[in-house]
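J.: Let me see the structure of the following:
(chains A and B)
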Amino acid sequence: MLPRFWRKIKYRYDIVGSVCETCNTKYYPPRNFCPICRRRSSIKEEMFEGKGKVLSYTVVHDTPEEYKLEKPYIIALIELDNGPVITSQVVCSENEIRTGMRVKKAFRKYFEDGEDGIIYYGTKFVPDED
Amino acid sequence: MERVAIIGVGQSEFGELWDSGFREIVLKAGIDAIEDAGLEGKEIEAIYIGNMSGGRYLAQEHIAALIADYSGLAELGVPATRVEAADASGGLALRQAYLSVASGVHDIVIAAGAEKVTDVGSEMTTDIMASSADREWEGFVGATIPALYALMARKHFEMYGTTPEDLARVSVKNHKNGALNPKAQFKREITVEDVLNSPKVAEPLRLLDCAPLSDGAAAVILANEKIAREYTDNLVFIKSCTQASDYLALHSRRDITTMEAVRKAASLAYKMAEVSSQNIDVVEIHDSFTIAEIMAYEDLGFVEKGKGAELIREGITELDGSLPVNPSGGLKACGHAIGATGIRQAVEITSQLRGEAGKRQVDCETGLSLNIGGTGATAVVTIYGVV
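T.: Numbering: from 1, shown residues only, chains lettered A, B, ... in the order given. Purely as a prediction, here's the structure:
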């Protein structure tokens, strides 16, 4: 799994996706090909600002092995401002999370491969309301 | 195109089959189907097998060859093909078998589905199932399959007023039906309170909103109409069998309360079978999670978008309602043997249309089954009829 993770670090550590310059649709994760424009696709990389709002969320109690210590954690679909929808974790309390909530990106640890394994980092979201 | 009939059905028990291996359960289903059809076995020209993850559950690939071998059909050189679309693998096997007969290439074929999940632990199972969604961009961040269905459920609640009680009613209905099915994993009734008090899995989904992952196998024998009439007068035809795709990840879809693949496959299936959603008498729906059954009511066109919960509130989809859904008990009560589920649904609808469904028999001439892969990236819709 390590090379597979390593290849995508650039896209995970920041929110780097792509935009089709033909139809202006934005994609995250990045695509090499626009499903709408097909052969007329003109794909460029784009870094998204990393602010948006929660479209839907769930508090996960039954977790995969690597997330046992995080239990429970929050998974959300986040609609980025002027951008695509992203699946990510939101770091806040279960009482705080709600749909429509404003959030912003944060660089966080996801999990590690056992005690001696590598640590997987990526982008999570935190509340952005005041 | 040749008309295609189902002339034999069989299935193993579904559940935690500690004493049986993969080969035994597949053989049980296959032999039952062959006996039910009144075949000797060597008439079978091709095998199609739906299996999601022999590689990870059993560390065994080349599943189709294994089945050809242990069914004695490798002795005759019968071609065997495994197809995979996560938990729609069975539906896909049915469709490939159907196409091979409809096209005139084969006269008699077997479509089977099988999964043996209990040889690995539950955490491994969760991990394997996560591979039916987008591993790199959903699974990586901890979005399990229940979590992804939970995202759909919450959105459905907020947009259409569906409630946890509505979801619970789906589970209660399916358990009630399962209690009448001798092959079901759970043959006991539960209450709405049981569901609402069961442990949280991924809010708002609770344990009793989720179908169990089970061991099991099922098989059906398909033949063209001419051959079929030589074996039985109680024919069940496959009137259409369609498949559609959607974006693999939820975040790429325009509306997560709609499964576009289900809508597209259903629309084509009705057209090819020359029936409408209003002509359907009995349905098997892929209720891997309770919310999936409610969304499917809408996406199959039984009710308009957002009103799915009304069908369960008003009892319309109960066994004695006007549109019985999951008379078998569905995935929730029968058990969800992943690659076997799509074929098990075909076994149930065939039994219903033949009038052989025992205590759970409903009055029907036209049936439909919906098999879904992952969170809806693959959908297979099959329409069955007695004429």
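J.: where does whichever residue of chain B sits closest to chain A land in three-state SS?
T.: Nearest residue of chain B to chain A, counting by CB to the nearest CB: B:Ala150, 3.6 Å away. Bear in mind the C-beta positions are built from the backbone N, C-alpha and C, glycine included. Following DSSP: H, G, I helix; E, B strand; the rest coil, the label given to B:Ala150 is helix.
J.: That one: neighbouring residues, count only.
T.: Neighbours of B:Ala150 under the rule other CB atoms under 10 Å in any protein chain shown: 29.
J.: One more: B:Ser103?
T.: By other CB under 10 Å, 11 other residues sit near B:Ser103.
J.: And the one 10 residues further on, by the same measure?
T.: B:Gly113 sits with 38 neighbouring residues when counted by other CB under 10 Å.
J.: before we move on, what SS does it have?
T.: strand.
J.: Relative to the whole chain's centre, how far out is stretch B:55-75?
T.: In terms of CA atoms, centre = their mean, to the nearest Å, the centre of stretch B:55-75 is found 22 Å from the chain centre.
J.: What residues of it count as buried?
T.: Neighbour counts using 16 or more other CB atoms under 10 Å in any protein chain shown place B:Arg56, B:Tyr57, B:Leu58, B:Ile63, B:Ala64, B:Leu66, B:Ile67, B:Ala68, B:Ser71, B:Leu73 of stretch B:55-75 among the buried residues.
J.: circling back: spit out the contact partners of the residue of chain B closest to chain A.
T.: B:Ala150 makes contact with A:Thr58, A:Val60, B:Val201, B:Ala202, B:Glu203, B:Pro204, B:Leu205, according to CB atoms under 8 Å, 6 or more residues apart in numbering or on different chains.
J.: hang on, the second one packs against A:Gln89?
T.: No. Between A:Val60 and A:Gln89 there is no contact, the gap being 9.1 Å when judged by CB atoms under 8 Å.
J.: What is the burial count for B:Asp19?
T.: By the measure other CB under 10 Å, the count of residues near B:Asp19 is 6.
J.: That one: helix or strand, and which one exactly?
T.: Secondary structure assignment for B:Asp19, by DSSP states H and E: no helix or strand.
J.: For A:Met1, give me the pLDDT.
T.: Note on A:Met1: pLDDT of 67.
J.: quick one on the thing from earlier: what's the overlap in contacts for A:Val60 and A:Gln89?
T.: Common contact partners of A:Val60 and A:Gln89 (CB under 8 Å, 6+ apart): A:Tyr73, A:Ile74, A:Ile75, B:Gly142.
J.: Name the nearest residue to B:Asn371, sequence neighbours excluded.
T.: With sequence-adjacent residues excluded and distances taken as CB to CB, 6 or more residues apart in numbering or on different chains, B:Asn371 is closest to B:Gly91, at 3.1 Å.
J.: circling back: just the pLDDT at the residue of chain B closest to chain A, thanks.
T.: pLDDT, B:Ala150: 98.
J.: now do A:Lys68
T.: pLDDT recorded at A:Lys68 is 87.
J.: how about the strands in the chain?
T.: No chain in the question, so chain A it is. For chain A, the strands defined by DSSP state E cover A:16-20, A:26-27, A:43-47, A:51-60, A:73-80, A:85-90, A:102-112, A:119-127.
J.: was after chain B, sorry
T.: B:4-11, B:46-50, B:80-83, B:108-115, B:200-202, B:205-206, B:216-224, B:236-245, B:282-285, B:366-373, B:378-385.
J.: between the ones you listed, which one is nearest to A:Glu79?
T.: Among those, strand B:200-202 comes nearest to A:Glu79, with 20.2 Å by CB to CB.
J.: just checking, what packs against the closest one?
T.: Using 3 or more CB pairs under 8 Å, 6 or more residues apart in numbering or on different chains; DSSP states H and E, the elements in contact with strand B:200-202 are strand A:51-60, helix B:145-160.
J.: among the ones you listed, which is the most enclosed?
T.: With neighbours taken as mean count of other CB atoms under 10 Å in any protein chain shown, the helices and strands packed on strand B:200-202 reach their highest mean count in helix B:145-160, at a mean of 24.
J.: Please save the CA atoms from it in CSV.
T.: The C-alpha coordinates for helix B:145-160 follow below in CSV (Å, rounded to 0.1, in the frame of the first residue of the first chain):
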residue,chain,number,x,y,z
ILE,B,145,-19.5,1.1,3.6
PRO,B,146,-22.0,1.7,6.5
ALA,B,147,-20.5,5.2,6.8
LEU,B,148,-21.2,6.0,3.2
TYR,B,149,-24.8,4.7,3.4
ALA,B,150,-25.1,6.7,6.6
LEU,B,151,-24.2,9.9,4.6
MET,B,152,-27.0,9.0,2.1
ALA,B,153,-29.5,8.3,5.0
ARG,B,154,-28.8,11.6,6.7
LYS,B,155,-29.3,13.6,3.5
HIS,B,156,-32.5,11.7,2.8
PHE,B,157,-33.7,12.5,6.3
GLU,B,158,-33.0,16.2,5.8
MET,B,159,-34.4,16.5,2.3
TYR,B,160,-37.4,14.4,2.6
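J.: Good, wrapping up.
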